[in-house]
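Colleague: pasting the sequence and the predicted model now:
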Amino acid sequence: MAAIHIKKLLSELKFKAKCPKCNQEFEAKFGENKCPNCQTILQFEPKNDWGNLRGL
């Protein structure tokens, strides 16, 4: 049950990302994202490591 709650929280989490193609910064989330400037599709997945969540 806790795993479902954590997945829901991660799906709602937003963070800053930078497009590798045009260097545009935009607000992203885990899953598929599209750069608002050049329409490049970026995929972000959380790592299965609690230590990585400290920097978010």
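Modeller: Okay, I see it. Remember, predicted model here, so these are calculated numbers, not experimental data.
Colleague: from what I can see E27 touches K34, true?
Modeller: No - the pair E27 / K34 is not scored as a contact, 11.8 Å apart, by C-beta atoms under 8 Å. Bear in mind the C-beta positions are built from the backbone N, C-alpha and C, glycine included.
Colleague: separation between G31 and E25?
Modeller: The gap separating G31 from E25 is 18 Å, by C-beta to C-beta, to the nearest Å.
Colleague: next: K14.
Modeller: Computed as C-beta to C-beta, the K14 to E25 distance reads 13 Å.
Colleague: what does C19 give?
Modeller: Distance, C19 to E25, by C-beta to C-beta: 8 Å.
Colleague: I'd like the average pLDDT over stretch 47-56.
Modeller: On average, the pLDDT along stretch 47-56 is 59.
Colleague: try stretch 26-41
Modeller: Average pLDDT, stretch 26-41: 95.
Colleague: distance from the chain centre to that stretch, please.
Modeller: Here stretch 26-41 is found 9 Å from its chain centre; the criterion is C-alpha atoms, centre = their mean, to the nearest Å.
Colleague: about what we covered before: ok, C19 and E25, which is more surrounded?
Modeller: The neighbour count for C19 versus E25, taken as other C-beta atoms under 10 Å, is higher for C19 (19 against 12).
Colleague: next, the contact list for that one, please.
Modeller: For C19, the contact set (C-beta atoms under 8 Å, 6 or more residues apart in numbering) comprises 25-26, 35, 37-38, 40, 42.
Colleague: kindly report the same for T40.
Modeller: Counting by C-beta under 8 Å, 6+ apart, T40 has contacts 19-22, 34.
Colleague: ok, and what's touching whichever strand or helix holds H5?
Modeller: Counting by DSSP states H and E, the element that carries H5 is helix 2-12. Contacts to helix 2-12, defined as C-beta under 8 Å, 6+ apart, come from residues 29-31, 46.
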